[in-house]
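Participant: Fold the following.
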Amino acid sequence: MAAPRGTTWKRFREIFSLQYWTKFVFDPGHSFLAMICLLAAEVVINLLVIQRIKYTEIDWVAYMQEVGGVVNGSYDYTTLKGDTGPLVYPAGFVYIFLGLYHITERGVNIVLAQYIFAALYVLSLMVIFDIYRQVKQMPPYVLFFMCCASYRIHSIYILRLFNDPVAMLFLYLAVDMFLRDKWSLGCLLFSFGVGVKMNVLLFAPALLMLLVVRHGTIGSFKYLTICASSQVIMGLPFLLVNPVGYIVRSFNLGRQFFFKWTVNWRFLSEEMFLNRYFHLLLLATHVIVLLFFFWFKWRRLFPGTSFQLWMKPSQSPLSPTQIVLPLFTSNFIGMCFSRSLHYQFYVWYFHTLHYLLWSTPLPVIVRLLLLGMIEMSWNTYPSTDFSSSALHVCHFVALIGLWTSPAYTPVTQTVRAAKLE
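Facilitator: Modelled structure (predicted):
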């Protein structure tokens, strides 16, 4: 039976009204259209960048030399090295870049590698969009600043071919699985990310809390075992040859960074930058801030949960905010107090910044200004006293905003629970 003529005309006017289309720009619950359009735009942008902007060699050749040693039969980590120094990444990195070594004709076919990393970029965006589709925190227009507006991020993926985006893809896949209450698969993917690069461990403090809340103290051991055993399995060929060499090289938390590459501490003297006591101060501050957020903020996300040594598992799945906010905040705190941030490290938290800022009570204009200043700081090469100072100021303002986030107030939690119902 056909719809009445008046109803059809009303629907027609509704579709072509300004109010109808504004929801696809400002309503977090209607972000799907913006996501599809931005993904299509990103495919075009990545192809244009590959075709028109010159590739810059930094670490790709070194990666190929490092995994080339494995091709030649060496499983002793102390013998694997490239032009930039010894291999310092876990075994997951070796397996993935070993595959790229063969696919790209021993690393010679750079253009093919760029297309692979372009696909990696688009796939990462799809996963990130799926996370934010479930969280429903940011208005769709913010996604533009997450995609097309960052030159540095495109450069890290397709003009530099760093391993950092590979590690972050596994991390975002893991978060997506946590949102689906698939914790075993999520922990396995999280461990794969750590197996590519250790920066993923910055999310670990919040993940440990979530495991204990969702599965209880005893139940969380199962998931920690998945993380640990997968690391052993990945590293087994190297552990059997030289276990000490593998552990020291691939999980070296005390590795020294070069002052010339720092993005965040340029205003310090090189002597202070390299000072071990300064490093210990940063580590202590990092731990203290994490503990403060856990004790005074994160616990508020779980009303009715009694945090104690032996906890019982949650009777229901965790909400998107309960999962994503602590995970992304934990990583952001690690970035704030990092001993050094190099340019490729921007990808460690870039795609989380927008969610974090829109979780604060800061005015929209301040959020956008912070995004712009952070982008400026990461695009300034070489870094300057001003750019690195500005980055710390932005981090501090964002951290204060996260501390005062309305997500931690009981009223906000009640309203969100009502909306979910």
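
Participant: Report the contact partners of Ala398.
Facilitator: Residues near Ala398 by C-beta atoms under 8 Å, 6 or more residues apart in numbering: Phe332, Leu353, Leu356, Leu357, Thr360, Leu370. Bear in mind the C-beta positions are built from the backbone N, C-alpha and C, glycine included.

Participant: Check Pro205 too.
Facilitator: Here Pro205 is in contact with Leu290, Phe294, Ser330 (criterion: C-beta under 8 Å, 6+ apart).

Participant: Distance check, it against Ser74.
Facilitator: For Pro205, the distance to Ser74 (C-beta to C-beta, to the nearest Å) stands at 36 Å.

Participant: do Gln65 as well
Facilitator: For Gln65, the distance to Ser74 equals 12 Å [C-beta to C-beta].

Participant: Among these two, which residue is more densely surrounded?
Facilitator: Gln65 (17 against 14; other C-beta atoms under 10 Å).

Participant: so that one makes contact with Asp83?
Facilitator: Yes - contact criterion C-beta atoms under 8 Å: Gln65 and Asp83 qualify, at 6.4 Å.

Participant: Report the mean confidence score over the one helix or strand His215 maps to.
Facilitator: Assigned by DSSP states H and E, His215 falls within helix 204-239. Per-residue pLDDT over helix 204-239 has a mean of 97.

Participant: For burial, what's the neighbour tally of the nearest residue to Asn252 once chain neighbours are set aside?
Facilitator: Spatial nearest neighbour of Asn252, excluding adjacent residues (C-beta to C-beta, 6 or more residues apart in numbering): Val88 at 6.3 Å. For Val88, the neighbour count with other C-beta under 10 Å is 19.

Participant: Quick check: phi and psi at Val88.
Facilitator: Dihedral angles of Val88 (phi, psi; degrees, to the nearest 10) stand at phi -120, psi 20.

Participant: same thing with Lys81?
Facilitator: When read as degrees, to the nearest 10, the backbone of Lys81 gives phi -160, psi 170.

Participant: Distance check, it against Leu123.
Facilitator: The separation that Lys81 has from Leu123, given C-beta to C-beta, amounts to 30 Å.

Participant: go on, Ser316?
Facilitator: 31 Å.

Participant: which one of the two has more residues nearby?
Facilitator: Comparing Ser316 with Leu123 by other C-beta under 10 Å, the one with more neighbours is Leu123, at 14 against 7.

Participant: which residues touch that one?
Facilitator: Here Leu123 is in contact with Leu169 (C-beta under 8 Å, 6+ apart).

Participant: Name the helix or strand for it, please.
Facilitator: Secondary structure from DSSP H and E places Leu123 in helix 110-135.

Participant: pretty sure Leu38 contacts Val142?
Facilitator: No - Leu38 is beyond contact range of Val142, at 10.9 Å (criterion: C-beta under 8 Å).

Participant: okay, those two: which has more neighbours?
Facilitator: Comparing Leu38 with Val142 by neighbour count (other C-beta under 10 Å), the higher total belongs to Val142, at 23 against 20.

Participant: Roughly how far does the more buried one sit from Phe129?
Facilitator: Taken as C-beta to C-beta, the span from Val142 to Phe129 is 12 Å.

Participant: quick one on the thing from earlier: mind listing what's buried in the helix holding His215?
Facilitator: For helix 204-239, burial by neighbour count (16 or more other C-beta atoms under 10 Å) applies to 204-215, 219-220, 223, 226-227, 230-231, 234-235, 238-239.

Participant: right, and the helix or strand after that helix?
Facilitator: Helix 204-239 is succeeded, C-terminally, by helix 243-250 (DSSP H and E).

Participant: Now do that next one: which elements does it pack against?
Facilitator: Packing partners of helix 243-250 (3 or more C-beta pairs under 8 Å, 6 or more residues apart in numbering; DSSP states H and E): helix 204-239.

Participant: Could you figure out how far the helix it packs on is turned away from helix 243-250?
Facilitator: Using axes from the mean of the first three to the mean of the last three C-alpha atoms, to 10 degrees, the inter-axis angle of helix 204-239 relative to helix 243-250 is 130 degrees.

Participant: tell me how far helix 204-239 is from the chain's mean position?
Facilitator: Offset of helix 204-239 from its chain centre (C-alpha atoms, centre = their mean, to the nearest Å): 19 Å.

Participant: same question, stretch 199-207
Facilitator: 10 Å.

Participant: List every C-alpha atom in that stretch, with coordinates, as CSV.
Facilitator: C-alpha atoms of stretch 199-207 as CSV (Å, rounded to 0.1, in the frame of the first residue of the first chain):
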residue,chain,number,x,y,z
ASN,A,199,55.2,1.4,23.3
VAL,A,200,51.9,-0.6,23.4
LEU,A,201,52.8,-1.4,27.0
LEU,A,202,51.7,2.2,27.9
PHE,A,203,48.1,1.0,27.7
ALA,A,204,48.9,-2.0,30.0
PRO,A,205,48.1,-0.4,33.4
ALA,A,206,44.5,0.4,32.4
LEU,A,207,44.2,-3.0,30.7
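
Participant: Just the terminal-to-terminal distance for stretch 176-188.
Facilitator: Taking C-alpha to C-alpha, to the nearest Å, stretch 176-188 runs 12 Å from one end to the other.

Participant: Which positions within that stretch qualify as buried?
Facilitator: Here stretch 176-188 shows Asp176, Met177, Phe178, Leu179, Trp183, Gly186, Cys187, Leu188 as buried, counting by 16+ other C-beta under 10 Å.

Participant: The second one and Leu189 touch, don't they?
Facilitator: What that stands for is Met177. Yes - Met177 lies in contact with Leu189 (C-beta under 8 Å); the separation is 6.2 Å.

Participant: which other residues reach stretch 371-389?
Facilitator: By C-beta under 8 Å, 6+ apart, the surrounding residues in contact with stretch 371-389 are 145, 149-152, 260, 262-267, 343, 346, 353-354, 357, 390-391, 393-394.

Participant: Next, count neighbours for the residue lying closest to Leu210 once chain neighbours are set aside.
Facilitator: In this structure, Leu210 finds its nearest non-sequential neighbour in Ile323, 6.2 Å apart by C-beta to C-beta, 6+ apart. A count of neighbours around Ile323, defined by other C-beta under 10 Å, yields 25.

Participant: Give me the distance from the helix or strand that contains Ile323 to the chain's centre.
Facilitator: Secondary structure from DSSP H and E places Ile323 in helix 320-336. How far helix 320-336 lies from its chain's middle: 10 Å, per C-alpha atoms, centre = their mean.

Participant: can you state the direction angle for that helix and helix 204-239?
Facilitator: With the same axes, to 10 degrees applied, the angle from helix 320-336 to helix 204-239 works out at 70 degrees.
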